[in-house]
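> need a structure here:
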Amino acid sequence: MKILLVDDAHSVVMVMTARLASYGYEIVHASNGHEAVEAFAAQAPDLVLMDIEMPVMNGFEATNQIRALEATKQWAWTPIIFLTSSDTVKNLVTAIEAGGDDFMSKFVPEPVLNAKMKAMSRIAALRQSLSRANQKLQDLANQDGLTGLCNRRSMDLRAEQFWLMAVSQAKPFGLLMLDIDNFKKFNDHYGHQSGDDCLRQVAQAVHSVTQEANAQGLVVGAFAARYGGEEFAVIVPDSSADALQSLAQKIVFTVAALGVPHALNEAWAVVTISVGGALEPVAGGVLSNLFRQADARLYDAKKRGRNRSVTQS
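Next up is the predicted model:
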C-alpha cells in the first residue's frame, strides 16, 4: 500500500514514517496542502493521511481539491484520514464534510494504528481488484468480440478525437476502408464457422500490418477496427498520400499471402481483400465525407477486379 503522508511538522513525519514503514508500506511525503494535491495527482496513493493545520493550504481545502480532482479525472475514490492533535466534534464534522473518511490522533496507540492500516490495506486491495475488473469491462466494451479489433463504437470515438486534433494542428488525416472479396460466397461454400475463422485471420493480418507501419514510423497512431460484417477500417491520423497508399498495398498483399482457401474467389482461389483510401491533406472538412470518399474508392477497387487498393482518384 502506498500512503501519502501530509504534515508540516518534521518530528511527526519522522515518527509516523518510521511506524508505517515498519509495516512494510511505501510512504510519500508532502508538507502542506498544495504539495499534497500535486503529490496525489503524481503518485496515485492508496491512502492519504492528512494533517489539518498547515501553511499555504490546510488539510480541509486540500481534501476538497483532491475530491474535485478525482471527480474531474474520473479516478477511483481514495480514503483520506485526517491526523489531528485535537479530536473535537467540530473538527470531526468539518473533516467529514470536507470529504474525509476518518479521524485519527497523531499519537494513536500502536495496536489501533496497526488495525486501521490493515483495514486500509484491505480497501486498497479491493480498489485494485475493482480497477482491474473495470478495465476488463472497458476493454470488452471497446473490442469487437469476434476479431479483437476496436469495435465500431470505439472506432467512431477515437476517430473523432484524432480528427479534431488533426484539424486543430492542420495535419493530414488518412482513412482506409477494407472489404473481404466475395465473402458471402465464402460463407455459403465453407460455412459460418469457417467464415468466423477467416474474419479473425484477416483482422489479425490487418492489425499486424498497421502496427508494423506505426513501429517503422511510416504512419503515426494508426489503428484497425472492425467496421461491420466483413468490412474493416484503418484510421491513419498522421499520414502522407504515399504512406497511405503503401499501407493499403501492404495490407492487400499480406491478406492474400495468408493463403486462406477460397475456391469461389475467381482468379486467386484464396481469400483476398479490396481497399479504398482517402486523405484530407490539411484536415478541416467533415469526417463523414472522408468515410464516403474512402468507401467510394473501395467500390472502385471492387469494380477494377478486387484484390487491390485505390487511394487516389
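
> all helices for the stretch 151-300 of the chain, in order.
152-169, 183-190, 192-216, 241-257, 287-303 (DSSP state H, counting those that start in this stretch).

> touching the first one from outside, list them.
The one in question is helix 152-169. 141-144, 150, 171-173, 175, 221, 223, 225-228, 233, 235, 237-238, 280, 283-284, 287 (C-beta atoms under 8 Å, 6 or more residues apart in numbering). Quick note: C-beta positions are derived from backbone N, CA and C, even for glycine.

> likewise the third one?
Contacts to helix 192-216, defined as C-beta under 8 Å, 6+ apart, come from residues 144, 146-149, 178, 180, 183, 186-187, 190, 219-224, 226, 230, 232, 234, 243, 246-247, 250-251, 254-255, 258, 260, 271, 273.

> in it, what's buried?
195, 198-199, 202-207, 209-210, 213-214 (16 or more other C-beta atoms under 10 Å).

> columns distance to residue 305 and pLDDT on top of the residues you listed, output as JSON lines?
What follows is these, written out as JSON lines (distance: C-beta to C-beta, whole Å; pLDDT from 0 to 100):
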{"residue": "195", "distance to residue 305": "23", "pLDDT": "96"}
{"residue": "198", "distance to residue 305": "20", "pLDDT": "97"}
{"residue": "199", "distance to residue 305": "23", "pLDDT": "97"}
{"residue": "202", "distance to residue 305": "19", "pLDDT": "97"}
{"residue": "203", "distance to residue 305": "24", "pLDDT": "97"}
{"residue": "204", "distance to residue 305": "25", "pLDDT": "97"}
{"residue": "205", "distance to residue 305": "21", "pLDDT": "97"}
{"residue": "206", "distance to residue 305": "21", "pLDDT": "97"}
{"residue": "207", "distance to residue 305": "26", "pLDDT": "97"}
{"residue": "209", "distance to residue 305": "21", "pLDDT": "97"}
{"residue": "210", "distance to residue 305": "24", "pLDDT": "97"}
{"residue": "213", "distance to residue 305": "25", "pLDDT": "95"}
{"residue": "214", "distance to residue 305": "30", "pLDDT": "93"}
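
> save those residues as a markdown table, and put in distance to residue 267 too.
Supplementary listing: the buried residues of helix 192-216 in a markdown table, determined by distance: C-beta to C-beta, whole Å:
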| residue | distance to residue 267 |
| --- | --- |
| 195 | 21 |
| 198 | 18 |
| 199 | 22 |
| 202 | 18 |
| 203 | 24 |
| 204 | 24 |
| 205 | 20 |
| 206 | 22 |
| 207 | 26 |
| 209 | 23 |
| 210 | 26 |
| 213 | 27 |
| 214 | 32 |
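
> closest to residue 43 out of those?
Checking these against residue 43 with C-beta to C-beta, the nearest one is residue 214 at 30.7 Å.

> quick one: buried ones out of the contacts of helix 152-169?
Of the contacts of helix 152-169, these count as buried by 16+ other C-beta under 10 Å: 142-144, 150, 171-173, 175, 223, 225-227, 233, 235, 237-238, 280, 283, 287.

> among those residues, name the ones in strands.
Applying DSSP state E to the buried ones among the contacts of helix 152-169, the entries found in strands are 173, 175, 223, 225-227, 233, 235, 280.

> so which residues lie in contact with the lowest-mean-pLDDT helix or strand in the chain, not counting its own?
Considering only helices and strands, the least confidently modelled element of the chain by mean pLDDT, DSSP states H and E is helix 89-97, at a mean of 74. With contact meaning C-beta under 8 Å, 6+ apart, helix 89-97 is reached by 52, 59-60, 63, 82, 84, 103.

> ditto for stretch 29-46
Outside of stretch 29-46, the residues within contact range by C-beta under 8 Å, 6+ apart are 1-8, 13, 17, 28, 48, 50, 54-59, 61-62, 65-66, 69, 75, 78-79, 120, 123-124, 127.

> strands of the stretch 1-150 of the chain, start to end?
For the stretch 1-150 of the chain, the strands defined by DSSP state E, counting those that start in this stretch cover 2-6, 26-30, 47-51, 80-84, 102-105.

> in TSV: the ones you listed, plus mean pLDDT and distance to residue 115.
TSV is the format used below for the strands of the stretch 1-150 of the chain (pLDDT from 0 to 100; distance: least, C-beta to C-beta, whole Å):
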stretch	mean pLDDT	distance to residue 115
strand 2-6	96	15
strand 26-30	96	19
strand 47-51	94	14
strand 80-84	89	13
strand 102-105	85	11
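
> among the ones you listed, show me which one is buried the most.
Most buried of the strands of the stretch 1-150 of the chain by mean neighbour count (mean count of other C-beta atoms under 10 Å) is strand 47-51; its value is a mean of 26.
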